[in-house]
Structures are given as C-alpha cells and as structure tokens.
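K.L.:
Coordinates only, no sequence provided:
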C-alpha cells in the first residue's frame, strides 16, 4: 500500500477529508458526499500500516504518544501535493485516522463567497473578533483569509497559536510567527501568555478551551492587541453565553462587563450544500454597537438575534438573511434553506413569495 500515492490521488479529486477506519473501505469526502477509494474493506492490520506510514511521511513523527494515549493531532505536507491535518485515534482497539486536506495556497475570499463585511474585520485595530460555528464549517479558512489580508496590507507582527498548523503564511508586509501546540509550545494558555511578551499586533488563538485562556485573551484584547479566535458555537447570542458561562458564577457579571468592552465582532458560519453538489458558507455577522454592548452588560443576550435581524448597519447580517440571499441567487434549494433557517416558518413565507 503506497500511502503517499493514495494521498496524492485523493487530493486530485478535490476531497476535503479522508477516513481510515477498520471494517469499511478507505473513504474520502467531496462536497459533503462520501466516496470509496477501493472496494476492499480495511482490516485492522491494514489500518495500522496506513497510520504508521502517515507518521513516517510526517518527518518520522514519534508515534509513541498515539500508541500510549490513543489520540494524536498533527499536520504535515507533501511537496507539490498538499498539506494534511491528521487526527489519529484508536477505535475497537484498531488504529484509525481522519485526514483533512488543506491546499497550499489560499483561494480568494470572493471565490469562497466570504462577504466583504467579514474581510473588513482585518482592519480592526484592537479588541476581539470571534469566528464560530460547527466543526468543519470553514472557520479555519475564514481566519486564514483574514490573517492573509493583514499580512498583505499591514506592517505588523502576527502570532498564530494553532493545534495543529493548517495554512502556512509566508512573510509579506507583516512578520508571521506560527506556533504549533505541543510541538513549539506546551499549550494554548502558556503560548498566549508568552505571546504578550513577543511584541504582537495580532494574535490568532486557535481555540478558547477554558476560562483561563478566555480570561487571558480578553486581557490581551484590553491592552491594545487584536485577538482572533474560534468557538464551536452557533450564533452570536450562544457565543456570548458560552464565554460568560465558562466562568464561576461569582465572576460572570464582571466578565459580561469586560466582554462588552473588548469584543468587536462575532462571525458565525456554516457550510450548506449547493444545487450543483458543492458547499457554500452562510454567515451571521454581529458587530458590537453601543446598544449590543449594553445588552451584554445587562445579561439580555436573548435580544441579540432580533437586533441583528432588524439592524440597519450594513455590516450586520442575520443568518436567515444570508441563507435567503443564497436561495434567491439559486445557489441553494428551498429544502436546504428551510432546513438551516433559525425561523423556518418565516423562511417558508419568504421563499414561497418568490
């Protein structure tokens, strides 16, 4: 089994993910649909050989951590083919892996249909910008486009803290320091605290996993840095609640006040299937206005969705508005629009009127 050749062939199919799991054929995903690479089911020894070969391709990465703990995350590149983000794990005692395929070059935001209002967030001077959504929803790609825009247009020191590294950024107008968790530094919190002594202008924090990391990130945003990060939440209101709920009850009011001051914008995105079998992102964009800052301070986050929907601010965008525009353009069908709408009844009326 020539694993390098398999990765090369599947990459040519424009796949997003490869699945190595015992009991079924080697499988890859293209535009949300599963395809098998060969008919033969993967046996446990075949999975072991495949996963071991991946570790060898990744500059002979030490496999002992995976063998001991049953989990590992890393990335590697094959020159002229692609970058790969790998998550290895054991299931039913056999070796398994999910491999995300990441192109070397970033596509243009317009090709990915990222709105200008999202890309304008690269011009933010300080504060916190969060990109949220489900796993596999395109958050990393959106953030990489924002970092690339800053790198291309501004003279800054950009520090990225990622687990693992995905898109590699070359130095353009900016200096870009990319640090991989567990390889270049111990963990997110240690790396974030250290980064504040490394004269950063922009910090990309791969994920805010606990209240200590969130607290440090908010402090960094307060002190004049621009912080980009992600959360696995859907919608701006849920994101605010998730951050505040991460703290002990006695601190939550103080955190809400602090968050209302440092947060600049929340972008929530999800990928939807298109009528031609591809995937397209739909966005919710909340830019903090004085009214929304006040709502966060007062703990009335349930009012946020309504404020986004009725806002006259051209940089605000409700998820249902984004979905409806995709339907209007014929990019997605009515079934997809209704299935993903926050208010299916309203969406049904709007789509029925066309």
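P.N.:
Alright, I've got the coordinates. Since we're looking at a predicted model, the values are computed, not measured.

K.L.:
now the strands for the stretch 151-300 of the chain?
P.N.:
157-162, 175-180, 202-205, 226-231, 263-273, 279-287 (DSSP state E, counting those that start in this stretch).

K.L.:
give the contact list for the most centrally placed residue in the chain.
P.N.:
Among the residues of the chain, the one closest to the centroid is residue 139, at 2.5 Å (C-alpha atoms, centre = their mean). Going by C-beta atoms under 8 Å, 6 or more residues apart in numbering, residue 139 touches 131, 132, 133, 230, 269. Every C-beta, even on glycine, is put in place using the N, C-alpha and C of the backbone.

K.L.:
repeat that for 10 Å
P.N.:
130-133, 206-207, 229-232, 267-270, 281 (C-beta atoms under 10 Å, 6 or more residues apart in numbering).

K.L.:
Those, buried ones only, as a PyMOL selection?
P.N.:
Only the buried entries of the contacts of residue 139 go into this PyMOL selection, using 16 or more other C-beta atoms under 10 Å:
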select buried, resi 130+131+132+133+206+207+229+230+231+267+268+269+270+281
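
K.L.:
min pLDDT across the contacts of residue 139, which one?
P.N.:
Among the contacts of residue 139, residue 207 carries the lowest pLDDT, at 88.

K.L.:
Tell me which other helices or strands the host helix or strand of residue 351 touches.
P.N.:
Here residue 351 sits within helix 344-352, counting by DSSP states H and E. Counting by 3 or more C-beta pairs under 10 Å, 6 or more residues apart in numbering; DSSP states H and E, the packing neighbours recorded for helix 344-352 are helix 319-328, helix 334-340.

K.L.:
What is the distance between it and the centre of its chain?
P.N.:
Here helix 344-352 is found 29 Å from its chain centre; the criterion is C-alpha atoms, centre = their mean, to the nearest Å.

K.L.:
And for stretch 86-93?
P.N.:
A distance of 22 Å separates the centroid of the chain from that of stretch 86-93, by C-alpha atoms, centre = their mean.

K.L.:
Mind listing what's buried along it?
P.N.:
86, 88, 89.

K.L.:
Check stretch 278-290 too.
P.N.:
279, 280, 281, 282, 283, 284, 285, 286, 287, 288.

K.L.:
okay, the buried residues of stretch 86-93 in TSV with distance to residue 4, secondary structure and pLDDT next?
P.N.:
Output for those, formatted as TSV (distance: C-beta to C-beta, whole Å; DSSP: H, G, I helix; E, B strand; the rest coil; pLDDT from 0 to 100):
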residue	distance to residue 4	secondary structure	pLDDT
86	14	strand	94
88	17	strand	97
89	22	strand	97
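
K.L.:
and which of these is nearest residue 67?
P.N.:
Closest to residue 67 out of the buried residues of stretch 86-93 is residue 88 (9.7 Å), distances taken as C-beta to C-beta.

K.L.:
I'd guessed that closest one sits against residue 75; true?
P.N.:
No: using C-beta atoms under 10 Å, residue 88 is not in contact with residue 75, being 11.9 Å away.

K.L.:
Now the common contact residues for those two.
P.N.:
Here residue 88 and residue 75 have 61, 99 as joint contacts, going by C-beta under 10 Å, 6+ apart.

K.L.:
what's across from the closest residue to residue 169 other than its chain neighbours in the sheet?
P.N.:
In this structure, residue 169 finds its nearest non-sequential neighbour in residue 176, 4.3 Å apart by C-beta to C-beta, 6 or more residues apart in numbering. Going by DSSP bridges, residue 176 is paired in beta bridges with residue 158.

K.L.:
residues in contact with stretch 323-338?
P.N.:
Under the contact criterion C-beta under 10 Å, 6+ apart, stretch 323-338 has outside partners 113, 115, 270, 272-276, 278, 280-284, 317-318, 320, 339-342, 344-348, 350-352, 354.

K.L.:
Low-confidence bits of this protein, can you list those?
P.N.:
For the chain, the stretches flagged by pLDDT under 70 are 353-354.

K.L.:
Any figure for the gap between the residue nearest to the centre of the chain and residue 266?
P.N.:
12 Å (C-beta to C-beta, to the nearest Å).

K.L.:
which residues do those two both contact?
P.N.:
130, 131, 132, 231.

K.L.:
Just the helices from the stretch 101-250 of the chain, written as ranges.
P.N.:
Ranges of helices in the stretch 101-250 of the chain, per DSSP state H, counting those that start in this stretch, are 116-119, 139-153, 188-195, 211-222, 236-245.

K.L.:
Need those helices in CSV (columns: distance to residue 60).
P.N.:
Converted to CSV, these look like this (distance: least, C-beta to C-beta, whole Å):
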stretch, distance to residue 60
helix 116-119, 39
helix 139-153, 26
helix 188-195, 25
helix 211-222, 31
helix 236-245, 39
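
K.L.:
of those helices, which approaches residue 65 most closely?
P.N.:
Evaluated over the helices of the stretch 101-250 of the chain, closeness to residue 65 peaks at helix 188-195, with 18.0 Å, by C-beta to C-beta.

K.L.:
Now do the closest one: which elements does it pack against?
P.N.:
strand 157-162, strand 175-180, strand 202-205, helix 211-222, strand 226-231.

K.L.:
Give me the distance between the two termini of stretch 179-196.
P.N.:
Stretch 179-196 has an end-to-end distance of 14 Å (C-alpha to C-alpha, to the nearest Å).

K.L.:
ugh, wrong one, stretch 17-30
P.N.:
8 Å.
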